[in-house]
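Enquirer: My questions are about this predicted structure, shown below with the sequence.
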Protein chains: 2
Amino acid sequence: MHESSPENTTIRILLVDDHPLVLEGISARLESEAGIQVIGQASNGQEALELAAELKPDVVLMDISMPVMNGLEAAEHFHNDQPDVRVLILSMHENREYIVKMIQSGAAGYVLKDVSSDELLRAIQTVYQGGTYFSAGASEALFSEFGHSDQPEKAETGLTKREETVLKLIAEGQVNKEIARTLNISVRTVETHRQNIKQKLNIQTAAGLTKYALEHNLISL
Amino acid sequence: MHESSPENTTIRILLVDDHPLVLEGISARLESEAGIQVIGQASNGQEALELAAELKPDVVLMDISMPVMNGLEAAEHFHNDQPDVRVLILSMHENREYIVKMIQSGAAGYVLKDVSSDELLRAIQTVYQGGTYFSAGASEALFSEFGHSDQPEKAETGLTKREETVLKLIAEGQVNKEIARTLNISVRTVETHRQNIKQKLNIQTAAGLTKYALEHNLISL
DNA sequence: CATAGTCTCAGTATTACTACGTAAAAGCCT
DNA sequence: AGGCTTTTACGTAGTAATACTGAGACTATG
């Protein structure tokens, strides 16, 4: 592992964002920090991968939305091809889907674009030393994934409780007859619910319902 | 939110560990840091909760294994009763179960006991500002939870290429007729594939197939 | 070349699901 | 109490999926 004090080590950073202004701004903010050196800039994932292969940065600070190759794909490539490079995502999206996807793509952290210089610095040091960093909003959004935390955040489905229950059972692979037995109601009722659900969600097939249920965390794998 | 520079803010800390020696050691290490003040010490979860209610610390730095009330229960109580208090777990266990449980209990971070003073400081600052911190070992252990991390791991399905293709389309919510059109084959063929797939995977329903496809990363949300 | 495996298509009978309509009992809000 | 939503349930007709069986074509592989 690296040696302790963050001040006596220079962390080499590759900045990736498709907005030149953002690039310059962050670069300026980071350059003034001791122990941080911005060794390169790229404006999309493709460029970032190429530059990184050449420059061997310690940390890649990258936006998500970019042309050519977005941060998601790029993070995956980094994870597979240049696993030593730590990817820190800098995004304005507080969306859980995004964050979870980023982590699955091998990113080491996720900071929102409204953070202070200090927090950004801390995030960089953290991921550099092998840790994982999520800024406040991100971690909240993320850990609703893990059970409770605050609210399960089941989002607005427009479905009634009963319909949700039925949807869960459908998504779990039960057929109407089984669902009817499980809930002690008639098969016809289950069918009615099923119809209403599909109509409300504008989904045609049972498979689509399962996908929907998974997307909205009604059931989990 | 708090103001930026970690140096000009004093973070008030409550230390909780059942080993007096550890308590003293950490306390000494932290006291020498600017911006950190250890305002109290407790030797178990029960004490910690009582002391915290009185002292109103910013961050509770707590061990997991303790008598009377362990860190897990204590973290849960903190989360419910004193949600403003940020709980940072200091543990020697790199066990994923532990870590996941801690997060579910509302802890804001998890650092291993072998970290450097700098890292501990950074962790404290991070959770203080609302972020989430996991040290290297912890984050690795944790995020193996999220699916692959290393390989996409499509695993052994026992399905042929064609069957996988069909399965994907089914899971995406297409009906046999659409699949037939998509692949330029007869509906009957699709039906056959569908049967073979279900037989091979021992799954009865279309919803089950979707679930399976998602589980095995054939498609993604 | 023979055998195995895959991919393709089909027939038949049964079961499940869908679409649309109707409607009563239960619960909730004002 | 009256109105609203939810949950429950049924009918009928059509469409889709399933179970089971059989079979021709193509391609690897020993």
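Expert: Structure received.

Enquirer: Point to the residue nearest the middle of chain A.
Expert: The centroid of chain A falls nearest to A:Ile99 when counting by Cα atoms, centre = their mean (1.5 Å).

Enquirer: Could you report the distance from A:Ala53 to DNA strand C?
Expert: Plainly put, A:Ala53 is 37 Å away from DNA strand C if you go by Cβ to the nearest atom of the strand, to the nearest Å. C-beta coordinates here come from the backbone N, C-alpha and C atoms, glycine included.

Enquirer: If you could redo that for A:Asn176, that was the one I meant.
Expert: Going from A:Asn176 to DNA strand C by Cβ to the nearest atom of the strand gives 3 Å.

Enquirer: quick one: contacts for the closest residue in space to that residue that isn't next to it in sequence?
Expert: Among residues not flanking A:Asn176 along the chain, A:Val190 sits closest, at 4.6 Å (Cβ to Cβ, 6 or more residues apart in numbering or on different chains). By Cβ atoms under 8 Å, 6 or more residues apart in numbering or on different chains, the contact list for A:Val190 reads A:166, A:176, A:179-180, A:183.

Enquirer: Can you say which two of these are spatially most distant?
Expert: A:Asn176 and A:Leu183 (10.7 Å; Cβ to Cβ).

Enquirer: Mind checking which of the two has more residues around it?
Expert: A:Asn176 (19 against 16; other Cβ atoms under 10 Å in any protein chain shown).

Enquirer: Tell me which residues touch the more buried one, please.
Expert: Per Cβ under 8 Å, 6+ apart, neighbours of A:Asn176: A:187, A:190-191, A:194.

Enquirer: next structured bit after the one helix or strand A:Tyr110 maps to?
Expert: In the assignment (DSSP states H and E), A:Tyr110 maps to strand A:109-112. Note on strand A:109-112: by DSSP H and E, the next helix or strand toward the C-terminus is helix A:117-128.

Enquirer: And that following helix, what's buried?
Expert: The neighbour-count check on helix A:117-128 (16 or more other Cβ atoms under 10 Å in any protein chain shown) flags A:118-128 as buried.

Enquirer: A:His79 - nearest residue in space that isn't next to it in sequence?
Expert: A:Gly106 (2.8 Å).

Enquirer: correct me, but that neighbour touches A:Gln82?
Expert: No - A:Gly106 lies out of contact with A:Gln82 (Cβ atoms under 8 Å); the separation is 10.2 Å.

Enquirer: Specify which residue of those two has the higher count of neighbours.
Expert: A:Gly106 (21 against 16).

Enquirer: Mind checking what secondary structure the more buried one has?
Expert: Under DSSP: H, G, I helix; E, B strand; the rest coil, A:Gly106 falls in the coil class.

Enquirer: Now for it: which residues touch it?
Expert: Contacts of A:Gly106 (Cβ under 8 Å, 6+ apart): A:75-76, A:78-80, A:83, A:87, B:149.

Enquirer: Could you find the lowest-pLDDT member of those?
Expert: Ranked by pLDDT, those bottom out at B:Ser149 (36).

Enquirer: What distance do you get for A:Gln125 to B:Ala123?
Expert: Distance, A:Gln125 to B:Ala123, using Cβ to Cβ, to the nearest Å: 11 Å.

Enquirer: if I look at the residue lying farthest from the centre of chain A, how far off is B:Val187?
Expert: Ranking residues of chain A by C-alpha distance from their mean position (Cα atoms, centre = their mean) puts A:Ser186 at the top, at 41.2 Å. A:Ser186 sits 32 Å away from B:Val187, taking Cβ to Cβ as the criterion.

Enquirer: just A:Leu169 next, same as before
Expert: 28 Å.

Enquirer: Settle it for me: which of the two has more neighbours?
Expert: For A:Leu169 versus B:Val187, the count of surrounding residues by other Cβ under 10 Å is larger for A:Leu169: 22 against 14.

Enquirer: which element follows the helix or strand bottoming out on mean pLDDT in chain A toward the C-terminus?
Expert: In chain A, no helix or strand scores lower on mean pLDDT, DSSP states H and E than helix A:136-143, which sits at a mean of 59. Sequence-wise, the next helix or strand downstream of helix A:136-143 (DSSP H and E) is helix A:161-171.

Enquirer: Now that following helix: buried residues?
Expert: Buried-residue list, helix A:161-171, by 16+ other Cβ under 10 Å: A:163-171.

Enquirer: and the following helix or strand past it, which residues are buried?
Expert: Of the helices and strands lying after helix A:161-171 in sequence (DSSP H and E), the nearest is helix A:176-183. Going by neighbour count (16+ other Cβ under 10 Å), the buried part of helix A:176-183 is A:176, A:178-180, A:183.

Enquirer: coming back round to it: pull up the per-residue confidence for the residue nearest to A:Asn176.
Expert: For A:Val190, the predicted pLDDT is 89.

Enquirer: Also A:Asp58?
Expert: 91.

Enquirer: residues touching it, list them.
Expert: Contacts of A:Asp58 (Cβ under 8 Å, 6+ apart): A:11-13, A:85-86, A:128.

Enquirer: what's the farthest-apart pair in the residues you listed?
Expert: Maximum pairwise distance in the contacts of A:Asp58, criterion Cβ to Cβ, is 11.9 Å, between A:Ile11 and A:Val85.

Enquirer: Give me the common contacts of these two.
Expert: In contact with both A:Ile11 and A:Val85: A:58-59, using Cβ under 8 Å, 6+ apart.

Enquirer: The longest helix seen in chain A and DNA strand D, are they touching?
Expert: Longest helix of chain A, by residue count under DSSP state H: helix A:187-201. Yes - on the criterion Cβ under 7 Å from any atom of the strand, helix A:187-201 is in touch with DNA strand D at A:187-189, A:191-193.

Enquirer: All set now, cheers.
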